[in-house]
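Peer 1: Pasting a predicted model and its sequence here:
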Amino acid sequence: MLIPHPLLGLRDAQEFTYLGDARLIERPTSGDEADLAEYVFQRDNPAGLHRELWFHEQGDRSWLVVTRNTLTHEILGAELARDVALARKEGTA
Amino acid sequence: MTRLQGGLIDRSRTLAFTFDGKRYQGHPGDTLASALLANGVRLVGRSFKYHRPRGIVAAGSEEPNALVTLREGARAEPNTRATVAELYDGLVARSQNHVGPLNFDLLAVNDLLSPFFAAGFYYKTFMWPRAFWEKLYEPAIRRAAGLGELSELSDPDAYDRGYLHADLLVIGAGPAGLMAALAAGRAGARVILADEDFRLGGRLLAESDRIDGAPAMEWVDTVRAELESLPNVRILPRTVVFGVYDHGIFGAVERVSDHLATPGGAVRQTLWRITAKRAILAAGATERHIPFADNDRPGVMLAGAMRAYANRWATAPGTAAPVAIFTNNDDGHRTASDLIARGVPVAAVIDARAGAQAQGEYRLMAGAQVVGTKGRLGLHSVSVETPAGRETLSVGALGVAGGWNPNVHLASHHRGRPVWDADKLAFVPGAGGPEGLIAAGACAGQGSTAEALADGLRAAGEALAQLGLSAPTVPLPQAGTRQDNVAPIWHVPGKRRAWVDFQNDVTVKDIALAHKENMRPVEHLKRWTTLGMATDQGKTANVTALAVMAELTGKSIPETGTTIFRPPYTGVSLGVLGGGDTGAHFRPRRLTPTHHWAKENGATFVEVGPWMRAQYFTRPGETHWRQSVDREVLAVRAGVGLCDVTTLGKVDVQGTDAGVFLDRLYANAMASLKVGMVRYGLMLREDGIAYDDGTCARLAEDHYVVTTTTANAGPVYRNMEFARQCLWPELDVQLISTTDAWAQIAVAGPKSRDLLTRLVDDFDLSNEVFPFMACAPLTICGGLRARLFRISFSGELAYELAVPARYGHALMARLMEAGADLGATPYGTEALGVLRIEKGHAAGAELNGQTTGQMLGLGRMVSKKKDAIGNVMSRREGLAAETRILVGLQPVDASAVVVPGSHLFEQGAPRNLDHDQGWITSACHSPHVGSSIGLGFLRNGAERMGEVITAANPLQGSEVALRVVPSHFVDPEGGRLRD
Amino acid sequence: MTDLSPLCALGAPAPRRVSLGALTLAETPDCGLASLALRRDTPPPSLALPEPGRWQETDGVTAFWTGPGQWLVEMPGCAEVDAAARLAERAPGASVTEQTDGWVLVEITSTAGAAPVERFLERAVNLDLTRFAPGHATRSTVEHLGVYLLRRAEDRLGIWGMRSAAESLWHTLETIAGRLE
């Protein structure tokens, strides 16, 4: 697979480590155990578009949020996870 | 000899080869198969199940029968298709799958027992008595399975891999592929043209076609010359594109020196990973046969192959006798015409279509079918059922023409299902194939030369448009068009066995049996009968098989459907997939800065992930590792030991928010750490489980160095970057790994301060100025930059000294030299382990992904006052209810051995899960205690000091009585550390 | 000056060098290396910081992009001094870390122009060479080893690999270059 790195262009997926659901960015700060348990253990498993985290371990060490179709492997885009995380924090600020 | 005139062989050179010990001759341009046929050899192997005599069926990689073992000794390669093995001088090949000589195989008795070996027989047999399976049936089946045999010697050849990038990959260099490559090449696109054959031309190599009024090969040579002259075109002959992967990635194997007697200095094969923006599949088509009674005799072959042997390789099909053709379409007649033109006598064309017309000067038997053959070791007659009655023809070969199947395989590597074309009676690539892959030519159903040329040009135009390049004007060469007019006559019904899949010995009767047993969907048919599952993947059999099943079920072929295909298209050797390196170089190794010093000083090494670490150092006179390890452990506790601990991960953390960041990463507080101090830290997973421990040193207000265990260096770094980028991007913190940059040596033991005093430049090491858990940058040995950390893994007074890695070797030598009178002793990972177990220090075995801070006895380190990864979940009910806690374990009988992995029970309790009280994580022989000791997790361990429990090891049937003791076997007060 | 003697990454006092066909591989131990990461308020440093995928030289030091806000800086001849301190002088307020001995530098030069270098890269790393012209720098893997690659010129390549894996890296580079002869 090729990952369209937002800064570096198309890169071989073998340069990356895969983590999973990009919702892992949304770590609850409430301190509430139920919120944390939901965050740690519950995942959607869509047959179709999935936003997910990839780490460019053998590249620039950026975490990326990649939008991939789990049925066809088509990759629709990738963003720096940092930008996604900052935008989210600004949204809820 | 059955050699003919002409052909694409070089008669100026003669090549000698051996088959089954007999010597023959051929020419450059021959394959092993064509050379055998030219020498009148028709019998080349024995079939898989029934051991029936078999001959060459095809002329390409679709060959099902002619599988030989090529070469000898360590380079012997079983199951090589003689039809693609390029002939070279000195080639040695042997037939396979027979006991006794090829023409008198003792296992041919299987053929007589064939009723017991019908499809699926192994689902119904070998079941009783049950005891016989392991001792008798399975070993027997294993011996009988397979065709060729491995040499079981190490492969002496080298393999290579490479990476290519292109705008357009053209798969196949026949008329369609050559036109496409030419158009794209002239347009300036970066083109890769790959073909599995050793010569470009595809089907044109085998045909007597004319292009622009001249022999087709002249056009091929002209195009090849132009392509070779274009710097943007790369031609890969002898290269199979075996798989289509995501996003335009293709796998291909180039047979670099398979065709040479020995590779010399070259590699044998190269694995190419090709990334292409677009691709054109011009993979051609494969002929199918028509099953009839006893259709598998040597001499029965595909009609298209028969004319390939005549046209390209100038050989009659292994016989000087007349040949016949059995066909259901016009293409069979072409074989007759071509053979006659080359002087091969044609007894008749047996055309199953009642309204067939002759297309040359030969006898035509219209509306006729072959219903039998004779000639066990080589065809000598066929029996023909005609409208006028039955007739026998004396022939030495029979060419069977059942129609052509487009090679759709690669087009369905991404789920895309081929579609049935009712006019062509063939499957063509459907929609939903790999993105960016365009089928052209015979594999898209455009098989005649004129059609293929035009279709290649069309496909190139499409690809270039998608690439944003303008298509050049390429005049279309003049060539012939043909219609095959194929009739849906799929097989000849009869009582005797008619073979469909030659390689796996599957007959029409087997398909009928599958139908009877309700294995009717194609996926069940395939797996029940094993049809299409041999090394040829049913290339000549699949479509015929599902046509037969369609007849049986009364469904149409599209309704019956087809199985699709996965990579690889043809077999790929593990050697080429493994790539260049074998043996010691198979995977990268990481060496510590003192590696060579350690080697020179008697170290035995152990693999720790990719690292090589000194395990123990053998002194002269020591013959057992325990002697060395016990000595090293005692030397540390009595004097001073030296151990290279560079492999532990080091992460440099800086920034105005570095402290805040670390506070959230560690279960315990870090922001409060003072400059110049080190703190032991515990990291949790977000689910509350402990996953790594290490130290955190604060070198400045905004500068820390985090250490991790060796094994977790990568994961901890990854998690730290995750936290930095994804969880807290608003924090001002920067990270970088420094594991390799600093050589780090543990200097441990009561004499360690004395030793270091001799090295440091003007630095006060007294307990008051540099207490336990202090750290500082300094210089040593006259100005070398260094860092000193007073931390201890062993429980002794200890330090870790870091210098730039290039000085690690010299530092170790200097420490040994300066500490000679103090008893300075190098120690390895074994002693390191013993020391930390004696101290009760947790390590990887205790942090195994199942344990919590609480269980480790570090519950108080998990802060309740701050938000940190894992802290909330560590307090969840399920974990809070856990009572197992880390304890020490000592055998009641001092000579008994504590075995890690043993489970703990009260004495006398039943040995089952309900009564399981914990398990042993680590154990060693302790010179300090004088016996084996261990650490483990025990329910309510803290309240059970002194109790005697049992450690059970049911795998080896042993039990040991152990006393529960504190985990700190040595210096439990910690006085030595703080000295 | 210290009386301890340093070793090169490949384990010998002197650097290794080999010529295979048109290519020469040279272990280069005297180049200092330090990493530079911009903090939130770091003022622009006195050296050029190139964009993703590039390297750039300023007054004898060469910075190459390694990640968002991060660069590695080559300082030829500075392997035996505190490279991080030197860099910190040119980039005050940045996070600077010593990296010299974390890496081994192998310079690859061709006596026959670009072609041998490109054929070498084809076998070594999965990179589209049309996007790796002189001026480019990238991180990738060579036979499972992470490396930084700098296309210094048509006929020159710099490869930074993990120091601890120097012997494995050298073996791989030598094997690839040897097969091209």
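Peer 2: Okay, I see it. Numbers count the residues shown, from 1 in each chain, chains lettered A, B, ... in the order given.
Peer 1: Next, the residue nearest the centre of chain C: phi, psi?
Peer 2: With distances taken as CA atoms, centre = their mean, C:Trp160 lies nearest the centre of chain C, 3.7 Å away. Main-chain torsions, C:Trp160, degrees, to the nearest 10: phi -100, psi 120.
Peer 1: Quick check: C:Ala12 vs chain B, distance?
Peer 2: Distance, C:Ala12 to chain B, by CB to the nearest CB, to the nearest Å: 9 Å. The C-beta positions use only the backbone N, C-alpha and C, and glycine is treated the same way.
Peer 1: where along chain A do the helices fall?
Peer 2: Applying DSSP state H to chain A gives helices spanning A:33-41, A:81-92.
Peer 1: Distance to chain B added to those, as CSV?
Peer 2: Below are the helices of chain A laid out as CSV (distance: least, CB to the nearest CB, whole Å):
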stretch, distance to chain B
helix A:33-41, 5
helix A:81-92, 4
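Peer 1: Just put those helices in TSV and tack on mean pLDDT and mean neighbour count.
Peer 2: Output for the helices of chain A, formatted as TSV (pLDDT from 0 to 100; neighbours: other CB atoms under 10 Å in any protein chain shown):
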stretch	mean pLDDT	mean neighbour count
helix A:33-41	95	15
helix A:81-92	92	15
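Peer 1: Any chance of JSON lines for these, columns distance to B:Pro715?
Peer 2: Converted to JSON lines, the helices of chain A look like this (distance: least, CB to CB, whole Å):
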{"stretch": "helix A:33-41", "distance to B:Pro715": "17"}
{"stretch": "helix A:81-92", "distance to B:Pro715": "17"}
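Peer 1: Chain C is nearest to which of the ones you listed?
Peer 2: Closest approach to chain C among the helices of chain A (CB to the nearest CB): helix A:81-92, 7.1 Å.
Peer 1: Do any residues in the closest one lie close to chain C?
Peer 2: Yes: applying CB under 8 Å from any CB of the partner chain, one finds helix A:81-92 touching chain C at A:Arg82.
Peer 1: ok, for B:Asn848, nearest residue in space, not its chain neighbours?
Peer 2: B:Thr921 (7.3 Å; CB to CB, 6 or more residues apart in numbering or on different chains).
Peer 1: how many neighbours does the one you found have?
Peer 2: With neighbours defined by other CB atoms under 10 Å in any protein chain shown, the count for B:Thr921 comes to 22.
Peer 1: now swap in B:Asp155 and tell me
Peer 2: Counted with other CB under 10 Å, residues neighbouring B:Asp155 total 16.
Peer 1: Contacts only, for it.
Peer 2: Residues near B:Asp155 by CB atoms under 8 Å, 6 or more residues apart in numbering or on different chains: B:74-75, B:575, B:582.
Peer 1: Show me where chain B dips below the pLDDT cut-off.
Peer 2: Scanning chain B for pLDDT under 70 picks out the ranges B:1.
Peer 1: hmm, back to that, what's the helix or strand for the nearest residue to the residue nearest to the centre of chain C once chain neighbours are set aside?
Peer 2: Leaving out its chain neighbours, the residue that sits closest to C:Trp160 by CB to CB, 6+ apart is C:Tyr148, at 4.1 Å. Per DSSP states H and E, C:Tyr148 falls inside strand C:145-153.
Peer 1: quick one, which of the helices of chain A is nearest to A:Ile75?
Peer 2: For A:Ile75, the closest of the helices of chain A is helix A:81-92, at 15.2 Å, according to CB to CB.
Peer 1: What is that closest one packed up against?
Peer 2: Applying 3 or more CB pairs under 8 Å, 6 or more residues apart in numbering or on different chains; DSSP states H and E, we find helix A:81-92 packed against strand A:63-69.
Peer 1: Sheet partners, orientation included, of the strand it packs on?
Peer 2: Paired strands of strand A:63-69, with direction, are strand A:49-55 (antiparallel), strand A:75-80 (antiparallel) (DSSP bridges).
Peer 1: a markdown table for those strands, including mean pLDDT?
Peer 2: Converted to a markdown table, the strands paired with strand A:63-69 look like this (pLDDT from 0 to 100):
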| stretch | mean pLDDT |
| --- | --- |
| strand A:49-55 | 98 |
| strand A:75-80 | 98 |
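Peer 1: any idea which of the ones you listed is most buried?
Peer 2: Of all the strands paired with strand A:63-69, strand A:49-55 carries the top mean neighbour count, a mean of 20, counting by mean count of other CB atoms under 10 Å in any protein chain shown.
Peer 1: ok, residues contacting it?
Peer 2: Taking CB under 8 Å, 6+ apart as the rule, strand A:49-55 contacts A:3, A:13, A:16-25, A:61-70, A:76, A:78, A:81, B:718, B:721-722, B:726.
Peer 1: ok so B:His165 is a strand residue?
Peer 2: Yes: per DSSP: H, G, I helix; E, B strand; the rest coil, B:His165 lies within a strand segment.
Peer 1: Contacts only, for it.
Peer 2: B:190, B:274-276, C:127-130.
Peer 1: near chain A, which residues of chain C show up?
Peer 2: C:52-53, C:65-68, C:70, C:126, C:128, C:131, C:138-141, C:146.
Peer 1: so which of those residues would you say is closest to B:Asp692?
Peer 2: Of all these, B:Asp692 sits closest to C:Gly146, with 21.3 Å by CB to CB.
Peer 1: number of nearby residues for the closest residue in space to that closest one that isn't next to it in sequence?
Peer 2: Spatial nearest neighbour of C:Gly146, excluding adjacent residues (CB to CB, 6+ apart): A:Gln58 at 4.9 Å. Each residue near A:Gln58 was counted by other CB under 10 Å, and the total is 19.
Peer 1: right, and A:Gln58 touches A:Phe16 too?
Peer 2: Yes: with contacts counted by CB atoms under 8 Å, A:Gln58 reaches A:Phe16, the gap being 7.5 Å.
Peer 1: Give me the distance between the residue most central in space within chain B and B:Gln627.
Peer 2: By CA atoms, centre = their mean, chain B has its centre lying nearest to B:Leu577, at 6.0 Å. For B:Leu577, the distance to B:Gln627 (CB to CB, to the nearest Å) stands at 44 Å.
Peer 1: swap in B:Asp740?
Peer 2: Taken as CB to CB, the span from B:Asp740 to B:Gln627 is 33 Å.
Peer 1: likewise B:Gly372?
Peer 2: Separation of B:Gly372 from B:Gln627 (CB to CB): 80 Å.
Peer 1: and B:Leu107, which of the three is it?
Peer 2: Strictly by three-state DSSP, B:Leu107 counts as helix.
Peer 1: Nearest residue to it in space, ignoring adjacent ones along the chain?
Peer 2: Of all residues not flanking B:Leu107 in the chain, B:His51 sits nearest, at 4.4 Å (CB to CB, 6+ apart).
Peer 1: OK, contacts around that neighbour?
Peer 2: Applying CB under 8 Å, 6+ apart, we find B:His51 in contact with B:97-98, B:105, B:107-111.
Peer 1: between these, which is closest to A:Phe41?
Peer 2: Using CB to CB, these come closest to A:Phe41 at B:Asn97, 54.5 Å.
Peer 1: ok, how many other residues are close to that closest one?
Peer 2: When neighbours are counted by other CB under 10 Å, B:Asn97 registers 22.
Peer 1: which stretch of helix or strand covers it?
Peer 2: For B:Asn97, there is no helix or strand it lies in under DSSP H and E.
Peer 1: Which strand residues bridge C:Ala153?
Peer 2: Assigned bridge partners for C:Ala153, using DSSP bridges, are C:Arg156.
Peer 1: who has more neighbours, B:Gly372 and B:Gln627?
Peer 2: Neighbours per residue, other CB under 10 Å: of B:Gly372 and B:Gln627, the larger number sits with B:Gly372, 18 against 14.
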